[in-house]
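# turn this into a model:
(one chain, ligands or ions: 1)
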Amino acid sequence: MSGYQTAECRSVISRSKLPGLDYTFNPYVGCGHGCVYCYVPDLLKGTFSRWPADVKVKEGVLEKLRKEVQKLSPGVVGISTSTDPYQPIEADLKIVRGSLEIFRDAGFPVSIQTKSPLVTRDMDLLGTMDAEVGITITSSTEEFRRRFEPSAPTPQSRFLALERLSGEGIRTWIFYGPIIHGFNDTEDEVRRIVGIAASTGSRVLYDKLNLKPLLMCRLLKSISREELERASSFDYRKAYAMVAKLCREAGVRASPAF
Ligand code: SF4
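Residues are numbered from 1 along each chain as shown. This next block holds a predicted model:
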């Protein structure tokens, strides 16, 4: 495989204040999926000169992780919160896979969130530990993906990944977000996503578009100022109510993500 860049880091696992997570583990810095609505560049201001950013691997990540887990009490680890853990480079490096072995052996449950079907490679491991996998499904259409998630895997490949994971008895959930009014919040669209949740026994977490300065600049390259204004001034309680209602009718557990 071709070479890759590394990023210096002092520690690789952090305490988390996110709901349901005790720790976060981000083995990579940057993300190649290039979602235009991504708020990571806003959260890590000054870290990236462009987005999508070149993906870097944290230096000595697995050695550091092995040492750090020994000093912590077991708790749920979110993999990952500031990048997608299943970057294309993960297919060769197998760092997430190595981390799963470490977390399993140390008795740490894991909660993975990804857009990549590469996660199914690790089903053999995930089936032997306390693990759940969330697949982000923002839309069922290629049109939406091309516009907002240009380098991410197709919606169809995400549905199939969810089906395979659930078929193996692994707990699954769908992250339906961000909801961008005018683009992925029609009733038909929500019904399709709820249908996939129902057929795979997945719960649904949903979230609206959260506008931040760098994110707005990128969005304006994909949508018009009028569309942005319409999406930003929308009362998302209406979308939330529709998602909650359709999930309730389909017997799918659902809640806002934050
Ligand atoms: S996959 Fe997640 S981290 Fe990566 S660009 Fe998209 S929203 Fe950002």
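
# what's the average pLDDT for the helix or strand hosting R192?
In the assignment (DSSP states H and E), R192 maps to helix 187-200. Helix 187-200 carries an average pLDDT of 98.

# which element follows it toward the C-terminus?
Beyond helix 187-200 toward the C-terminal end (DSSP H and E), the next one is strand 203-208.

# identify the residues contacting that next one?
With CB atoms under 8 Å, 6 or more residues apart in numbering as the test, strand 203-208 has contacts from 134, 173-179, 193-194, 197, 236, 239-240, 243, 247, 252-258. Every residue, glycine included, has its C-beta placed from N, CA and C.

# same question for the helix or strand just after that strand, mean pLDDT?
Counting by DSSP H and E, the next helix or strand C-terminal to strand 203-208 is helix 213-219. Averaging pLDDT along helix 213-219 gives 89.

# with stretch 39-50 instead?
Mean predicted confidence for stretch 39-50 is 84.

# give the buried residues for it.
39-42, 48 (16 or more other CB atoms under 10 Å).

# for stretch 247-256, same thing?
Going by 16+ other CB under 10 Å, stretch 247-256 has these buried residues: 247, 252, 254.

# now stretch 66-80
Across stretch 66-80, burial judged by 16+ other CB under 10 Å covers 66, 68-69, 76-80.

# is the ligand within reach of stretch 248-258?
No - contact of stretch 248-258 with the ligand (CB under 6 Å from any ligand atom) is absent, the minimum separation being 12.8 Å.

# same check on stretch 17-28?
No - using CB under 6 Å from any ligand atom, stretch 17-28 never reaches the ligand; the gap is at least 9.5 Å.

# on that earlier part again, ok, so of the buried residues of stretch 66-80, who is nearest the ligand?
S80 (7.9 Å; CB to the nearest ligand atom).

# list the residues that contact the closest one.
24-28, 113.

# make JSON lines from these and add distance to E189 and neighbour count to it.
As requested, those are exported to JSON lines (distance: CB to CB, whole Å; neighbours: other CB atoms under 10 Å):
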{"residue": "T24", "distance to E189": "30", "neighbour count": "20"}
{"residue": "F25", "distance to E189": "32", "neighbour count": "27"}
{"residue": "N26", "distance to E189": "30", "neighbour count": "20"}
{"residue": "P27", "distance to E189": "33", "neighbour count": "22"}
{"residue": "Y28", "distance to E189": "30", "neighbour count": "25"}
{"residue": "Q113", "distance to E189": "21", "neighbour count": "20"}
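
# export the residues you listed to CSV and tack on secondary structure?
Compiled in CSV, the contacts of S80 are given as follows (DSSP: H, G, I helix; E, B strand; the rest coil):
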residue, secondary structure
T24, strand
F25, strand
N26, coil
P27, coil
Y28, strand
Q113, strand
